[in-house]
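Participant: My questions concern the predicted model and sequence given below.
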Amino acid sequence: MEQEERDRIPNMIKKYGEEKGKIIGKKKVKIGFTQQMCIDSWGKPKSINKTTTGYGVHEQWVYASGNYLFFENGILSAIQN
């Protein structure tokens with residue numbers, strides 16, 4: 001497990017580039033991230049609430065920690081802690 005944690009940041013940099021990889025490697029998220037980036041950072045959510053409208057697809061990801069991520073058409077648009 002320790003080796004996995006040590007490899008986390010270099011692996012995320014390789015996958016997403018220097019700037020985004022460092023953020024994801026530190027288990028943080030940022031507005032504009034894709035859903036996959038958020039999964040790589042925080043893991044899969046406990047549940048997902050999905051709404052489809054004429055303007056697109058909106059999702060609320062609920063985490064056991066009480067944090068929420070909000071997506072518009074697959075892109076992170078808001079973070080609630």
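Facilitator: Structure received. Numbers count the residues shown, from 1 in each chain.

Participant: Asn81 against Trp42, yeah?
Facilitator: No - assessed by Cβ atoms under 8 Å, Asn81 is found out of contact with Trp42, at 11.3 Å. Where C-beta positions appear, they are placed from N, C-alpha and C, glycine not excepted.

Participant: What lies in contact with stretch 49-56?
Facilitator: If you take Cβ atoms under 8 Å, 6 or more residues apart in numbering as the criterion, stretch 49-56 is touched by 57-60, 62, 72-73.

Participant: so what's the backbone phi/psi at the residue located most distally from the centre of the chain?
Facilitator: Most distant residue from the mean C-alpha position of the chain: Gly54, 24.7 Å away (Cα atoms, centre = their mean). The phi and psi values for Gly54, taken as degrees, to the nearest 10, are phi -70, psi -20.

Participant: Could you report the separation of the residue nearest the centre of the chain from Gly17?
Facilitator: When Cα atoms, centre = their mean is applied to the chain, the residue found nearest the centroid is Cys38 (1.1 Å). Plainly put, Cys38 is 16 Å away from Gly17 if you go by Cβ to Cβ, to the nearest Å.

Participant: now Lys28
Facilitator: 15 Å.

Participant: And for Lys46?
Facilitator: In terms of Cβ to Cβ, Lys46 sits 29 Å off from Gly17.

Participant: Lys15 contacts Lys22, doesn't it?
Facilitator: No - using Cβ under 8 Å, Lys15 is not in contact with Lys22; the gap is 11.7 Å.

Participant: could the contacts of stretch 49-56 be laid out in TSV, adding distance to Glu4?
Facilitator: Putting these into TSV (distance: Cβ to Cβ, whole Å) gives the following:
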residue	distance to Glu4
Val57	33
His58	34
Glu59	28
Gln60	29
Val62	26
Glu72	32
Asn73	32
